[in-house]
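*Asks:* Kindly return the folded structure for what I paste below:
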Amino acid sequence: MLAAPSPLQDISPIESRAPGTIKSTSSKRLIVNADDLGLSRGITDGIFLSHLKGIVTSASLMVNQPATEYAVKCLRDDVRSLDVGIHLNLCQGRPVLPPKSVPSLVGENGCFLAPQVIARKLMSWQASTKEIEAEFCAQIDRMLSYGLTPSHADSHHRFHIYPAAAVVFGRAIRSRGIFRARSAKKRTWPDPGLGAAHAGSFYRRVAVKAYNHVLQSALFQGLKAPDAGVALHPRFRGRLDRLADAWCFAIENMPPGTYEIWCHPGFREKGFSQSDALYLQREVELAMLTDSRLSAAIRRAGINLVNFQAL
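*Replies:* You can find the predicted model right below:
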């Protein structure tokens, strides 16, 4: 049950703001992508509202979740203006393939291993690349079976950039005709340097920055991607109460180029949110993305809102 009535009841897609109408000649372009479409009904409605009444220009669909079919129906009937990619998933729910086909990715209950477990397996090459590629392809095929063609590909928890998944990610999506993807690189500005877009020690930040650059230029070569993902400035890190300030700061200081900032808006939902680590952030982001403050900041900065199809 949603904590609020469905936002789709009184909103027509005709009311939505088409991407790119803020400033059509700008050298600054921003994709605002909402992850986790289909994860729950409350999250799905929050994403749709953030598009129809806010600044979200695209979203990424999870195809193996409780609200996947609800999201697909809404995309067909009510929210046709939303650009949609696929949110490849290796750590939540059951795989699309039979669990016995992907034994290195699942537990005894047939569900994907927990995020922290699969992260270790992807880093240490203990997860089968053959199984990962097959599951990625199966998830894309399921989205295609709904009559939806993904505009781009990314992943839940950004696991597509972890070593064992990264080596097959590009091959899997290309095999299904997807040639746009989330950038492996991240940037923050004003840039204090030393890998400040990443968390952790100095050595970790520098290593992660170097790894992501190599990944983007080698394994993801030939894929169209934003110049980088937007990382919020370190001064705001961990400050949910200053999230809107962090976004405005990033928008005001954004240099020329095409960037993506991802988000996770959603309504609180009984039976789901109690176990969702992001439920407070989702509510804050939903309010922020539909408030006029961000759209005003985008106009002042001369930024053109676009989606992945503009790449």
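*Asks:* hey, let's count contacts and neighbours off CA atoms from now on
*Replies:* Fine.
*Asks:* Could I get the phi/psi values of the residue nearest the centre of the chain?
*Replies:* By Cα atoms, centre = their mean, the chain has its centre lying nearest to D35, at 3.6 Å. Backbone torsions for D35, taken as degrees, to the nearest 10, come to phi -80, psi 170.
*Asks:* How about it, nearest residue that isn't a chain neighbour?
*Replies:* Excluding the flanking residues, the one nearest D35 by Cα to Cα, 6 or more residues apart in numbering is S60, at 5.0 Å.
*Asks:* surely the one you found meets N89?
*Replies:* No - counting by Cα atoms under 8 Å, S60 sits too far from N89 to count as a contact (10.8 Å).
*Asks:* circling back: in contact with the residue nearest to D35: list those residues for me.
*Replies:* With contacts defined as Cα atoms under 8 Å, 6 or more residues apart in numbering, S60 is in contact with N33, A34, D35, D36, L37, V84, G85, I86, H87, A153, D154.
*Asks:* And the helix or strand harbouring L294, what does it pack against?
*Replies:* Assigned by DSSP states H and E, L294 belongs to helix 292-301. Applying 3 or more Cα pairs under 8 Å, 6 or more residues apart in numbering; DSSP states H and E, one finds that helix 292-301 makes contact with helix 243-253.
*Asks:* what residues does stretch 214-227 touch?
*Replies:* With Cα under 8 Å, 6+ apart, stretch 214-227 has contacts from 161, 166-167, 170, 179-185, 257-260, 311.
*Asks:* cutoff 6 Å now
*Replies:* G170, F179, R180, A181, R182, S183, A184, T258, Y259 (Cα atoms under 6 Å, 6 or more residues apart in numbering).
*Asks:* Can you list the buried residues in it?
*Replies:* L215, Q216, L219, F220, L223, K224, A225, P226, D227 (16 or more other Cα atoms under 10 Å).
*Asks:* a markdown table for the residues you listed, including secondary structure, pLDDT and distance to I132?
*Replies:* Output for those, formatted as a markdown table (DSSP: H, G, I helix; E, B strand; the rest coil; pLDDT from 0 to 100; distance: Cα to Cα, whole Å):
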| residue | secondary structure | pLDDT | distance to I132 |
| --- | --- | --- | --- |
| L215 | helix | 92 | 18 |
| Q216 | helix | 92 | 19 |
| L219 | coil | 87 | 16 |
| F220 | coil | 92 | 16 |
| L223 | coil | 95 | 19 |
| K224 | strand | 97 | 22 |
| A225 | coil | 97 | 22 |
| P226 | coil | 97 | 24 |
| D227 | coil | 96 | 26 |
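*Asks:* Report pLDDT for R237.
*Replies:* Listed pLDDT for R237 reads 85.
*Asks:* That one - how many residues pack around it?
*Replies:* 13 (other Cα atoms under 10 Å).
*Asks:* Then the one 10 residues further on?
*Replies:* W247 has 20 neighbours, counted by other Cα under 10 Å.
*Asks:* neighbours of the nearest residue to it once chain neighbours are set aside, just the number please.
*Replies:* Among residues not flanking W247 along the chain, L232 sits closest, at 7.0 Å (Cα to Cα, 6+ apart). L232: 24 surrounding residues under other Cα under 10 Å.
*Asks:* ok, now how distant is L232 from D245?
*Replies:* Look at L232 and D245: by Cα to Cα, to the nearest Å, they are 10 Å apart.
*Asks:* that older thread, check which helix or strand the residue nearest to D35 maps to.
*Replies:* Judged by DSSP H and E, S60 forms part of strand 58-61.
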